[in-house]
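In: any chance you could fold what I've pasted below:
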Amino acid sequence: MEFLTLEAEDYEHALKEARMQWGSAVRVHTRKDFLVKKGMRKEKRCRITFFLVEDAEPVEEGVAEGPVFHAGDHLSFLMEQNEIPPARIEQIKRMLLPEEKTLGQAELEVRFFQYLLEGLQFEDSVQQRYLVLVGPAGVGKTTSLVKLAIHLRAKEGKKVALLSFDVHRPGALEQVRFFAKEYSLPLYEATDAGVLSGLLDALETYDHVLVDTTGHSSKDVMLRDSLSDLFSSFDDKEREYTLVVSASSKFTDLIAQYELFSEYNLRKLLVTKLDETQGIGNILFFAKEAGLPLSFLADGQGVPEDFHRADASVLVPRLRGFTLELDQFFPSP
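Out: I've put the predicted structure just below:
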């Protein structure tokens with residue numbers, strides 16, 4: 001079967017032009033509605049993909065029949081593609097599928113797109129001297145710490161040092177030492193509050209000190225108390241906490257992690273492992289429900305290249321299933 005494509009100002013004109021050339025043999029397979037930039041404004045366009053059948057019945061002139069669009073089915077498809085948390089599905093359907101109105105595909109996709117991004121906050125500036133990264137083990141805190149340090153030094157001209165509290169976990173200290181040597185980053189290590197107090201004078205000579213911590217669970221009471229003692233050595237006005245989470249985590253796990261670390265007065269959210277997930281609906285909903293601004297996004301192990309300021313233009317290309325060209329709303333810089 002051979003597929004043909006044709007583009008026009010809207011679906012009706014595209015189908016009419018196709019039937020002017022090939023008659024009633026035209027059968028539409030897919031349609032794509034999008035916008036194109038024309039000077040200072042954008043124009044709607046529609047591209048159809050179709051095939052031809054033999055022995056087709058004549059089509060009455062002026063009648064343009066196309067495939068039936070079911071808004072509910074397409075919304076379910078979009079939510080599945082973007083891994084929307086199951087607990088939010090019915091709420092989204094009630095909000096986006098009004099009973100009194102039939103939605104076309106383009107209008108539905110715009111509504112869903114706006115709903116996904118509505119309420120998201122972005123804040124990548126580091127204000128305090130001590131930036132503490134907290135989060136469960138295995139989410140990539142140490143690698144993100146190094147990426148952020150290189151970013152602040154190279155992009156903002158800041159004098160940056162690393163401080164590791166993760167000195168007991170096998171292999172953790174070796175990893176941060178390797179990165180510090182590889183990228184010429186000053187590294188300090190503290191096993192307890194007494195050791196840390198002896199480092200404070202040296203640490204105060206830096207614009208920012210990025211603090212690596214041991215990942216822990218709700219059962220690690222002694223470890224949590226030890227970290228709290230270390231954190232108390234910092235002036236409250238000079239420290240801020242960023243929660244580090246993996247994009248591949250389930251929504252319910254993200255909520256549990258937030259509740260576990262919320263005692264630290266979390267200010268921002270850093271997301272890792274975007275390259276290890278197919279959908280980002282869990283992250284979008286988590287960020288909004290936790291009320292935390294997205295600060296930075298990591299999508300690979302590469303240092304420092306797989307690291308980005310959090311921005312809609314980075315997230316939008318990761319949305320799946322849309323026929324609209326979404327990057328027109330938030331173009332990459």
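In: need the helices for the protein, in chain order.
Out: Counting by DSSP state H, residue ranges of the helices within the chain are 11-22, 71-81, 89-96, 105-117, 141-156, 172-182, 193-197, 200-203, 221-231, 251-261, 281-290, 312-315.
In: out of those helices, which comes closest to residue 38?
Out: Residue 38 lies closest, by C-beta to C-beta, to one member of the helices of the chain: helix 11-22, at 16.7 Å. C-beta coordinates here come from the backbone N, C-alpha and C atoms, glycine included.
In: what residues sit buried inside the closest one?
Out: 11, 14-15, 18-19, 22 (16 or more other C-beta atoms under 10 Å).
In: count the neighbours of the residue lying closest to residue 96 once chain neighbours are set aside for me.
Out: Closest residue in space to residue 96, ignoring its immediate chain neighbours: residue 111 at 5.1 Å, by C-beta to C-beta, 6 or more residues apart in numbering. When counting by other C-beta atoms under 10 Å, one arrives at 18 neighbours for residue 111.
In: how close does residue 111 sit to residue 71?
Out: 10 Å (C-beta to C-beta, to the nearest Å).
In: residue contacts, residue 209?
Out: 129-131, 160-163, 188, 203 (C-beta atoms under 8 Å, 6 or more residues apart in numbering).
In: turn the helices of the chain into a markdown table, including distance to residue 329 and mean pLDDT.
Out: Shown next, in a markdown table, are these (distance: least, C-beta to C-beta, whole Å; pLDDT from 0 to 100):
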| stretch | distance to residue 329 | mean pLDDT |
| --- | --- | --- |
| helix 11-22 | 21 | 84 |
| helix 71-81 | 16 | 92 |
| helix 89-96 | 17 | 93 |
| helix 105-117 | 7 | 90 |
| helix 141-156 | 26 | 94 |
| helix 172-182 | 37 | 88 |
| helix 193-197 | 46 | 87 |
| helix 200-203 | 43 | 93 |
| helix 221-231 | 40 | 61 |
| helix 251-261 | 25 | 94 |
| helix 281-290 | 15 | 95 |
| helix 312-315 | 8 | 90 |
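In: need those helices in CSV (columns: distance to residue 29).
Out: Output for the helices of the chain, formatted as CSV (distance: least, C-beta to C-beta, whole Å):
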stretch, distance to residue 29
helix 11-22, 11
helix 71-81, 15
helix 89-96, 26
helix 105-117, 14
helix 141-156, 44
helix 172-182, 51
helix 193-197, 65
helix 200-203, 63
helix 221-231, 57
helix 251-261, 35
helix 281-290, 27
helix 312-315, 30
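In: quick one, which of these is nearest to residue 210?
Out: Among the helices of the chain, the nearest to residue 210 by C-beta to C-beta is helix 141-156 (5.0 Å).
In: domains for this structure, by residue range?
Out: 4-52, 71-117, 130-310 (automatic domain parsing).
In: and the second one, end to end?
Out: Taking C-alpha to C-alpha, to the nearest Å, the first and last residues of domain 71-117 lie 20 Å apart.
In: same question, the longest one
Out: As for domain 130-310, its first-to-last residue distance stands at 20 Å under the measure C-alpha to C-alpha.
In: what's the burial count for residue 288?
Out: Neighbours of residue 288 under the rule other C-beta under 10 Å: 15.
In: setting aside sequence neighbours, what's the nearest residue to it?
Out: Nearest residue to residue 288, sequence neighbours excluded (C-beta to C-beta, 6+ apart): residue 119, at 4.6 Å.
In: dig out what residue 131 forms beta bridges with.
Out: residue 210, residue 240 (DSSP bridges).
In: try residue 164
Out: Beta-bridge partners, per DSSP bridges, of residue 164: residue 189, residue 212.
In: is it in contact with residue 190, as I believe?
Out: Yes - at 7.4 Å, residue 164 counts as touching residue 190 under the criterion of C-beta atoms under 8 Å.
In: quick one, which of those two is more surrounded?
Out: Neighbours per residue, other C-beta under 10 Å: of residue 164 and residue 190, the larger number sits with residue 164, 23 against 20.
In: surely the residue nearest to residue 96 touches residue 98?
Out: No - counting by C-beta under 8 Å, residue 111 sits too far from residue 98 to count as a contact (9.7 Å).
In: count the neighbours of residue 319 for me.
Out: Using other C-beta under 10 Å: residue 319 sits among 22 other residues.
In: residues contacting it?
Out: Contacts of residue 319 by C-beta under 8 Å, 6+ apart are 82, 113, 116, 280, 326.
In: 6 Å - rerun?
Out: The neighbours of residue 319, taking C-beta atoms under 6 Å, 6 or more residues apart in numbering as the test, are residue 82.
In: what is the residue nearest to residue 22 when sequence neighbours are not counted paired to in the beta sheet?
Out: With C-beta to C-beta, 6+ apart as the criterion, residue 22 has its nearest non-adjacent residue at 5.7 Å, and that residue is residue 52. Note on residue 52: beta-bridge partners by DSSP bridges are residue 26.
In: wait, residue 52 sits on residue 25?
Out: Yes - with contact defined as C-beta atoms under 6 Å, residue 52 reaches residue 25; the gap is 4.2 Å.
In: quick check: the gap between residue 162 and residue 280.
Out: Look at residue 162 and residue 280: by C-beta to C-beta, they are 29 Å apart.
In: distance from the chain centre to stretch 143-156, please.
Out: On the basis of C-alpha atoms, centre = their mean, to the nearest Å, stretch 143-156 sits 19 Å off its chain's mean C-alpha point.
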